[in-house]
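Enquirer: predicted model and sequence follow; I will ask about them next.
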Amino acid sequence: MRPRNQDGEIMTDSNHRSSDYPIDRLFLDRWSPRAFSGETIADEDVLALLEAARWAPSASNRQPWRFVYGLKGKPAFETMLSLLNEGNQVWARNASALIFVISDTLSRRPDGSAQPSRTHSFDAGAAWGFLALQATLSGLAAHAMAGVDFDRAAEALQAPDDHHIEAAVAIGRTASALTLPAELQAREVPSQRRPLSALAFEGVFRSE
C-alpha cells in the first residue's frame, strides 16, 4: 500500500524518499550525487540544461542569471576545477562539465540607469533549480557547490565587478559510490528533508 499523509492523501514515494503531500516523482528523483562516471558529453547536452534555466521566472523579467561552463577534456574545465576547494575537487574532477552560476546584481533600465537588485540571487537560484530538474529529465545529475574560491573565480572567469558568483555546479552521469573515497561513500545517498510543517506556516513565521 502506498503511504498516505495525515489527511489520507497518497504521498509520492521514489528514490528512497517520501513526500508529505503528492507531487511529481521528478522532485524526489532529483538529487546531488558526487560519484560521476568521468565520461565526456557534448556541448549540446550542457546547452540544453542552460536552455531550461533560461526559462526560469525572474522579477520584472530581468533574467539576472549568467553561466560560464567548461567541458571535461578542455582547458576551461581544468581552470574551473582549480577554483573549487580541495574537498570538492576530489570528486568533481570526474564530472562531465562544470558550470558557474553568476548573477547581475543591478536592475538595469532601458535608459541606462541602474539600481541594486534585491532579487538577483533569488532569481539565479530559480534558474539553477530549472537546470537541475532538466538534468534529471536528461539522464544526468547536477550537484551545486558553495565550496569555491570566489575571489579567484571572479578574476579567472572575468566576471564584472557588479556581478556576483553564486555557486559552481558539477554535471555528469552517475557512477557507483565505490568510485568515491571511503569517507564520501556513506554520504552517497539521496538526502532527506525536514517535514513541511517545520518549514511552512500559515499567517506568521514560527521558530522551531
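Expert: Now that the structure is in, tell me what you want to look at. Numbering: from 1, shown residues only.
Enquirer: the nearest residue to I102 once chain neighbours are set aside: what's it in contact with?
Expert: The spatial neighbour of I102 that comes closest, neighbours along the chain excluded (Cβ to Cβ, 6 or more residues apart in numbering), is R66 at 4.3 Å. To be clear about C-beta, it is placed using only N, CA and C from the backbone, and glycine gets the same treatment. Counting by Cβ atoms under 8 Å, 6 or more residues apart in numbering, R66 makes contact with 101-104, 163.
Enquirer: pLDDT weak spots in the chain?
Expert: 1-10, 208 (pLDDT under 70).
Enquirer: give me the domain ranges for it.
Expert: 1-30, 32-176 (automatic domain parsing).
Enquirer: looking at those, which one is packed in the most?
Expert: domain 32-176 (a mean of 17; mean count of other Cβ atoms under 10 Å).
Enquirer: how close does A159 get to D104?
Expert: As for A159, its distance to D104 is 10 Å (criterion: Cβ to Cβ, to the nearest Å).
Enquirer: whoops, L26 was the one
Expert: Taken as Cβ to Cβ, the span from L26 to D104 is 29 Å.
Enquirer: what of Q192?
Expert: Using Cβ to Cβ, Q192 is found at 34 Å from D104.
Enquirer: ok, now P75?
Expert: Distance from P75 to D104, by Cβ to Cβ: 26 Å.
Enquirer: which residue is nearest the centroid of this structure?
Expert: Centroid-nearest residue in the chain: A144, 4.1 Å away (criterion: Cα atoms, centre = their mean).
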